[in-house]
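Engineer: Give me coordinates for this.
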Amino acid sequence: MKAIRIHEFGGPEVLSIDEIPVPVPTKDEVLIKVHATSVNPVDWKIREGLRKTKFPSNLPLTLGWDVSGVIEEVGEKVGGFRKGDEVYGRPDPTKNGAYAEYIVVKANQISIKPTTIGHTEAAAVPLAGLTAWQGLFDFGLLKEGQKVLIHAAAGGVGTYAVQFAKCKGAYVIGTASDQNIDFLKRLGADEVIDYNMESFETVVKDMDLVLDTLGGETQLKSLEVLKPGGRVITTLAPEYTTEAKAKKLHLVGFMAQSIPAQLTEIAKLIDSGKVKPVIEQVLTLEDAKKAHMQSEQGHTRGKIVLQVI
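Structural biologist: Numbering: from 1, shown residues only. You can find the predicted model right below:
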């Protein structure tokens with residue numbers, strides 16, 4: 001089978017197209033024929049060697065930790081799935097990913113994909129969707145009527161966070177560039193702050209929750225806009241815990257986990273028309289280098305998908 005792998009850490013040039021054997025599922029795994037995958041920042045961070053401590057991986061390594069496809073083979077101890085099921089999920093980022101024609105995944109990491117969308121759109125959901133869901137609800141404890149500030153609201157995680165928060169009945173403020181203001185309001189944001197024109201910490205106040213995917217100064221300034229007892233939930237390292245404690249605020253970092261029950265809930269929202277994946281571009285598997293270069297620019301609206309079939 002064809003797979004996009006790295007044999008060393010480095011820039012996009014280390015991505016190679018290899019012919020390798022089709023993997024064989026163990027007792028608790030399924031073999032998925034990959035229809036589509038998508039590009040996440042973690043992909044190129046692992047490629048560069050920036051995440052070796054968090055994601056110890058043996059080289060060569062197949063990248064890609066979103067998958068949508070069809071089950072080809074089921075391990076003998078797997079219940080609940082059968083050959084031919086259309087599934088989606090976030091594979092284990094410490095193992096070979098989905099930039100390939102086939103992938104083996106533990107059955108407890110996948111769910112039946114949304115029925116109203118194709119594999120191309122479904123592949124854009126799992127990692128970003130789970131990150132937004134867990135950031136808002138598991139760690140952010142967002143409730144109906146609360147106010148949430150979502151940084152990089154037009155990005156992969158942000159576009160889902162805006163939609164999930166609105167489904168919950170929250171008041172949503174997003175930060176983005178000017179070309180994404182109308183787009184985000186159509187997506188459901190109540191207010192959008194152009195970060196090139198305004199400093200969010202001067203116009204936002206009394207937030208219950210801030211979802212931070214940027215870190216650095218943005219994370220520090222986010223502490224200034226919270227109400228007492230408010231929360232900053234970050235997908236990066238929580239750098240300012242001392243400052244947060246001094247203000248009696250919560251600053252928590254997390255890494256999304258693959259939770260099939262949440263993928264099922266997200267699929268229900270998609271199938272009911274309340275949430276839609278946002279895809280900026282669909283490329284072929286062979287275009288992985290181009291996709292990485294675009295993702296690294298940091299201005300992608302939604303997701304970049306790699307079509308395998």
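
Engineer: Please make it C-alpha for all contacts and neighbour counts, starting now.
Structural biologist: OK.

Engineer: pull the longest strand from the protein.
Structural biologist: Ordering each strand of the chain by length in residues (DSSP state E) puts strand 29-39 first.

Engineer: Can you list the strands that that strand pairs with?
Structural biologist: Note on strand 29-39: by DSSP bridges, its sheet partners are strand 67-74 (antiparallel), strand 102-106 (antiparallel), strand 303-307 (antiparallel).

Engineer: What is the distance between the first one and the centre of its chain?
Structural biologist: Centroid separation for strand 67-74 versus its chain: 20 Å, with CA atoms, centre = their mean, to the nearest Å.

Engineer: still on that earlier bit, C-terminal to the longest strand of the chain, what's the next element?
Structural biologist: Heading C-terminal from strand 29-39, the first helix or strand you meet, by DSSP states H and E, is helix 41-48.

Engineer: Buried residues in that following helix, which are they?
Structural biologist: 42, 43, 44, 45, 46, 47, 48 (16 or more other CA atoms under 10 Å).

Engineer: Residue 62 is in contact with the second one, correct?
Structural biologist: What that stands for is residue 43. No. If you go by CA atoms under 8 Å, residue 43 and residue 62 don't touch, sitting 9.9 Å apart.

Engineer: Who's the closest spatial neighbour of residue 82, skipping the chain neighbours?
Structural biologist: residue 74 (6.3 Å; CA to CA, 6 or more residues apart in numbering).

Engineer: wait, what's in contact with that neighbour?
Structural biologist: Counting by CA atoms under 8 Å, 6 or more residues apart in numbering, residue 74 touches 25, 27, 29, 30, 31, 81, 82, 83.

Engineer: List the contacts of the third one.
Structural biologist: When the contact criterion is CA under 8 Å, 6+ apart, the partners of residue 29 are 74, 75, 78, 104, 105, 106, 107.

Engineer: what's the answer for the second one, then?
Structural biologist: For residue 27, the contact set (CA under 8 Å, 6+ apart) comprises 74, 75, 76, 77, 78.

Engineer: how about a cut-off of 7 Å?
Structural biologist: Residue 27 makes contact with 75, 76, 77, 78 under the criterion CA atoms under 7 Å, 6 or more residues apart in numbering.

Engineer: In a markdown table, list the residues you listed along with pLDDT.
Structural biologist: A markdown table is the format used below for the contacts of residue 27 (pLDDT from 0 to 100):
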| residue | pLDDT |
| --- | --- |
| 75 | 97 |
| 76 | 96 |
| 77 | 97 |
| 78 | 97 |
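
Engineer: Now flag whichever of the residues you listed is closest to residue 97.
Structural biologist: Residue 97 lies nearest to residue 75 out of these, by CA to CA, at 18.5 Å.

Engineer: Now that closest one: closest residue in space that isn't a chain neighbour?
Structural biologist: Going by CA to CA, 6+ apart, residue 75 has residue 27 as its nearest residue, at 4.2 Å.

Engineer: so where's the stretch 51-200 of the chain shaky on pLDDT?
Structural biologist: Along the stretch 51-200 of the chain, segments meeting pLDDT under 70 span 53, 56.

Engineer: For it, which segments are assigned as strands?
Structural biologist: In the stretch 51-200 of the chain, the strands defined using DSSP state E, counting those that start in this stretch lie at 61-62, 67-74, 86-89, 102-106, 110-112, 147-150, 171-176, 191-194.

Engineer: what about residue 269, which helix or strand?
Structural biologist: Residue 269 belongs to helix 260-271, assigned by DSSP H and E.

Engineer: With only the CA atoms kept, save that helix in CSV.
Structural biologist: Extracted as CSV, the C-alpha positions of helix 260-271 are listed here (Å, rounded to 0.1, in the frame of the first residue of the first chain):
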residue,chain,number,x,y,z
PRO,A,260,-16.0,7.4,20.7
ALA,A,261,-19.1,8.5,22.7
GLN,A,262,-18.2,12.1,22.0
LEU,A,263,-17.6,11.3,18.3
THR,A,264,-21.1,9.8,18.4
GLU,A,265,-22.6,13.0,19.9
ILE,A,266,-20.7,15.2,17.4
ALA,A,267,-22.1,13.0,14.6
LYS,A,268,-25.6,13.5,15.8
LEU,A,269,-25.1,17.3,15.7
ILE,A,270,-23.7,17.1,12.2
ASP,A,271,-26.6,14.8,11.0
